[in-house]
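In: What follows is a predicted protein model with its sequence.
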Amino acid sequence: MESIAGRKSALVWAVHISVLALVLLWVVPTFGLLVSSFRTGDQIASSGWWSALSTQEQSLSPIRVEGDEVQKDGAYVIEGTLFPRGASTVSAWGTSSRAIDAYVPGDTAELGDGQSLTLDDKGNYVLTSPTSLEGTRLPRIFATASQPPEFTLNNYQTVLFGQTTGTSIGRAFLNTATVSIPATIIPILIAAFAAYALAWMNFPGRALLVAAVVGLLVVPLQLALIPLLQFHNWIGIGKGYLGIWMAHTGFGLPLAIYLLRNYMVGLPRDIIENARVDGATEFQIFTRIILPLSFPALASFAIFQFLWTWNDLLVALVFLGTGDSQLVLTAALVNLLGSRGGDWEILAASAFVSIAVPLFVFFAMQKYLVRGLLAGSVK
Amino acid sequence: MADLKLTHVEKAYGEVKILKDINLDIKQGELIVFVGPSGCGKSTLLRMIAGLESITSGVLEIDGQRMNDVPPAERGIAMVFQSYALYPHMTVRDNMAFSLKIARKSPEEIDKAITRAAEILQLTPYLDRLPKALSGGQRQRVAIGRAIVRDPKVYLFDEPLSNLDAALRVATRIEIAQLKENMPESTMIYVTHDQVEAMTLASRIVVLTVGEGIGQVGTPLELYERPENEFVAQFIGSPAMNLLDGEIVQTGAETVVQIDGGGLARSTVPTESGDKGLKVRAGIRPEDFIPTDSDAIFSGEVEITEALGEVTQLYFRRNGSDHGLIAKLPGIHANLRRTTVSLTAAPEKVHLFHNGRSLLYR
Ligand SMILES: Nc1ncnc2c1ncn2[C@@H]1O[C@H](COP(=O)(O)OP(=O)(O)OP(=O)(O)O)[C@@H](O)[C@H]1O
Ligand SMILES: [Mg+2]
């Protein structure tokens, strides 16, 4: 008894730890991407996303004193601040890169030629000089300051409403939706009818059809791409939304029919026969009994198909043109990598725009996903 | 509200004949019970009447109209399934309304039918619940209610109580009996495994055999008191009737049989003088045995006793037979174990069979 209990709890622990590991593996990069997408390029370059969330003490890049000089008590004075947006606190500063923490806030640094520089902890500086500073090189301040978290929406602004050709993520988002939504709905409509027929209607060749569907499940997508495109060209629809809807429908149908049929076969026969005795036609049985009862399976397939079409790049590259009006998110991201590969903040924001919808769909529908995955496997 | 007639009805799945030459004449208002061993085709026959299963050959008539190829909905039948088969996504009300909506009845009509059925079945408080929020008994009543609202000519029940626990089964059985009483003009066909259900509910029982067609049709008491053949004799009654091999030694109004390895059994089954020497089987129900001191039909050592309270069942081993013999005596007799008991039976309780058929029905 004891050893069984011990083994069991060890197993439970193993499960829990693996789940935790998987969750971390998934959540950490996603969250990092989200945080990065709200930071400026400089911030991303100078520190990791994890340091963006708390007040950080860091050595700032040198800031040159600037401002208009005024005459005060016979001396020329320039006043200004290091932090126009405020909220940072200086802990140490210096005037040369060799000694960046030579002074503490409030100290006055003698710069020679009678010039002196004072910096308080809010970053306000006062440069005093006996002679006019007009035309001279002003000193630089090397400050070490703690900065509160700071985020910006600029990246999203740029990404969503920017006008650069081939990188307009906002437009691409709409294009992707134009591809994904019909490419999800059409196969479900067809597959639901087919699945009902294959599950519950008697006709010769039914078993053969089911076998054919299972066979189609294993046909690799890549194999069919080019012949299908040639076919599209031949019948005259060429590249475009109609073509990609049909392609996604075709590629999605075998799995859809298979999943839905397996689910529908598991529905109790008595219920369907009772509906038949109650006078329902096949179509009424389908719409009033089968469809509502199959909702978990329909939803789970819809989720699969939507995620897959949303994230698809290959099929879109083949069946859609490259103009702005047909560029999908994934393709736009690829373009961005090429044209703005160094601008991490732009890439992060774009990437997050493209995963936001799948994330939302996943969290909103996860209960159907789990139920649907189990469909047909346990009864 | 209908007569139902089956003429030479058969059912085959491929080469295998499940049902053979079924002839039945069911009058309006009867409650017919199908019984038979598992796999004999009770459900199949019921489903053939419902139209859910095709009829291989023969004719099914309802009210004189041939129904073989009429779709289920147009036969005027309603079926109650063993699994209830409620629509899980509809409330009780919608479950009952489904067939009426399909038939495009007016909302008032639907409402009236549901209210009436709910009252009969005491379902009024549950009308807006989903089936999953009902107990087994309530679900069963919804299933029956769904049949009632359609006001069918023939009700078909396939083991409607077999999913209920013992107490609920008794209660629902009585409800069904009352339901039948309230609707004396409706015809019902009822499939069951349960002998008590069959004996208490049926106006006539149809005993089905495995692959041999109908064993016997008759009122419950007819089947119990005058079984036509060994199969029915053994199927009706629990424990089953004992069959003892023997030979007729005296014929006439009272027949005397010499039981192999036993004594003389007297029976009121009449025989003719030509029957003398005929090999027969004497059938005696366990509850018809009486302990005796003299003239025993059978005597032997009690192997096992089962005291059930109001009766005690005694199990004997019989020499030269692989079937034991069971006697059921009123009262508690646990002390009889390992003793020798002699048994006899009243002559009118002794059945005689030759080649499996009763000598009463020659
Ligand atoms: N579709 C089918 N194909 C072949 N044989 C079948 C089919 N359906 C039923 N049978 C056979 O027909 C016989 C009768 O089945 P049925 O369900 O009518 O029995 P039943 O009397 O209702 O049994 P039970 O009391 O166990 O419910 C069984 O032997 C079964 O194996
Ligand atoms: Mg059955």
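Out: Done, it's in. Computed from a predicted model, the values in this text were never measured in an experiment. Ligands and ions are numbered 1, 2, ... in the order given.
In: low pLDDT regions in the chain?
Out: Looking at chain A here, since you left the chain open. A:1-7, A:56, A:86, A:163-167, A:371-379 (pLDDT under 70).
In: that's the wrong chain, I meant chain B
Out: Looking at chain B by pLDDT under 70, you get B:1, B:320.
In: Run through who's touching the top helix by length along it.
Out: The longest helix of chain B (DSSP state H) is helix B:166-182. By Cβ atoms under 8 Å, 6 or more residues apart in numbering or on different chains, the residues outside helix B:166-182 that reach it are B:31, B:120-121, B:136-137, B:140-141, B:144, B:148, B:157, B:160-161, B:164, B:186, B:188, B:190, B:194, B:196-197, B:200-201. All C-beta atoms are positioned from the backbone trio N, CA, C, and that covers glycine.
In: just the buried members of those residues?
Out: B:31, B:120-121, B:137, B:140-141, B:144, B:148, B:157, B:160-161, B:164, B:186, B:188, B:190, B:194, B:197, B:201 (16 or more other Cβ atoms under 10 Å in any protein chain shown).
In: Quick check: which of those residues are also close to ligand 1?
Out: With the criterion set as Cβ under 6 Å from any ligand atom, no member of these is near ligand 1.
In: Just the ones in helices from the residues you listed, please.
Out: B:Ile120, B:Gly137, B:Gln140, B:Arg141, B:Ile144, B:Ile148, B:Glu197, B:Leu201.
In: List the contacts of the fourth one.
Out: Think B:Arg141. B:Leu121, B:Gln122, B:Leu123, B:Thr172, B:Glu175.
In: Make a ChimeraX selection of the buried ones in these.
Out: In ChimeraX, a selection of the buried entries from the contacts of B:Arg141 looks like this (16+ other Cβ under 10 Å):
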select /B:121,123,172,175
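In: So what pairs up with the residue nearest to the spatial centre of chain B in the strands?
Out: For chain B, the residue nearest the mean C-alpha position is B:Val35 (3.5 Å; Cα atoms, centre = their mean). Applying DSSP bridges to B:Val35 gives these bridge partners: B:Val207.
In: need the contact list for it.
Out: B:Lys42, B:Val191, B:Thr192, B:His193, B:Gln195, B:Ala198, B:Ile205, B:Val206, B:Val207, B:Leu208, B:Phe235, B:Ile236.
In: can you give me the end-to-end distance of stretch B:123-141?
Out: Using Cα to Cα, to the nearest Å, the end-to-end distance of stretch B:123-141 comes to 8 Å.
In: do the same with stretch B:179-194
Out: End-to-end distance (Cα to Cα), stretch B:179-194: 19 Å.
In: what about that stretch, distance to the chain center?
Out: 13 Å (Cα atoms, centre = their mean, to the nearest Å).
In: The contacts of B:Arg141: which two are farthest apart?
Out: Greatest spacing in the contacts of B:Arg141, by Cβ to Cβ: B:Leu123 and B:Thr172 (13.1 Å).
In: What parts of the stretch 251-379 of chain A come near chain B?
Out: Taking Cβ under 8 Å from any Cβ of the partner chain as the criterion, the neighbours of chain B within the stretch 251-379 of chain A are A:268, A:270-271, A:273-280, A:284, A:288-289, A:292-293.
In: now, among the contacts of B:Arg141, which is nearest to A:Leu307?
Out: B:Leu123 (44.6 Å).
In: contacting residues around the closest residue to ligand 1 within the stretch 151-300 of chain B?
Out: The stretch 151-300 of chain B approaches ligand 1 most closely through B:His193 (5.8 Å), counting by Cβ to the nearest ligand atom. Counting by Cβ under 8 Å, 6+ apart, B:His193 makes contact with B:Val35, B:Ser38, B:Glu159, B:Ser162.
In: among these, which are within reach of ligand 1?
Out: Applying Cβ under 6 Å from any ligand atom to the contacts of B:His193, those adjacent to ligand 1 are B:Ser38.
In: Most neighbours of all the contacts of B:His193, which one?
Out: B:Val35 (25 neighbours; other Cβ atoms under 10 Å in any protein chain shown).
In: what about the strands in the stretch 51-200 of chain A?
Out: A:56-59, A:63-64, A:69-72, A:75-81, A:89-94, A:108-112, A:115-119, A:124-129, A:140-147 (DSSP state E, counting those that start in this stretch).
In: hang on, the earlier thing: take the residues of the stretch 251-379 of chain A next to chain B and keep only those in helices.
Out: A:Asp270, A:Ile271, A:Glu273, A:Asn274, A:Ala275, A:Arg276, A:Val277, A:Gln284, A:Pro292, A:Leu293.
In: and the two most separated of the residues you listed?
Out: A:Val277 and A:Pro292 (19.1 Å).
In: export the strands of the stretch 51-200 of chain A to CSV and tack on distance to B:Gln82?
Out: Shown next, in CSV, are the strands of the stretch 51-200 of chain A (distance: least, Cβ to Cβ, whole Å):
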stretch, distance to B:Gln82
strand A:56-59, 71
strand A:63-64, 85
strand A:69-72, 99
strand A:75-81, 85
strand A:89-94, 78
strand A:108-112, 96
strand A:115-119, 89
strand A:124-129, 87
strand A:140-147, 74
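In: so which of the ones you listed comes closest to B:Gly324?
Out: If we rank the strands of the stretch 51-200 of chain A by Cβ to Cβ, the stretch that ends up nearest is strand A:56-59, at 92.0 Å.
In: contacting residues around the closest one?
Out: Residues contacting strand A:56-59 (Cβ under 8 Å, 6+ apart): A:Ser46, A:Ser47, A:Ser91, A:Ile100, A:Phe142, A:Ala143, A:Thr144, A:Ala145, A:Ser146, A:Gln147.
In: strands paired with it, and their directions?
Out: strand A:140-147 (antiparallel).
In: Just the buried residues of the partner strand, please?
Out: A:Ile141, A:Phe142, A:Ala143, A:Ala145, A:Gln147.
In: now stretch B:3-18
Out: B:Asp3, B:Leu4, B:Lys5, B:Leu6, B:Val9, B:Glu10, B:Lys11, B:Lys17, B:Ile18.
In: The second one contacts B:Ser186, correct?
Out: No - using Cβ atoms under 8 Å as the test, B:Leu4 is too far from B:Ser186 to be in contact (11.7 Å).
In: Now the common contact residues for the two.
Out: B:Val154.
In: Whatever residue of the stretch 251-379 of chain A ends up closest to ligand 1: neighbouring residues, count only.
Out: Residue of the stretch 251-379 of chain A nearest ligand 1, by Cβ to the nearest ligand atom: A:Arg269 (10.9 Å). Per other Cβ under 10 Å, the neighbour tally for A:Arg269 reads 13.
In: Please consider this matter closed, and thank you.
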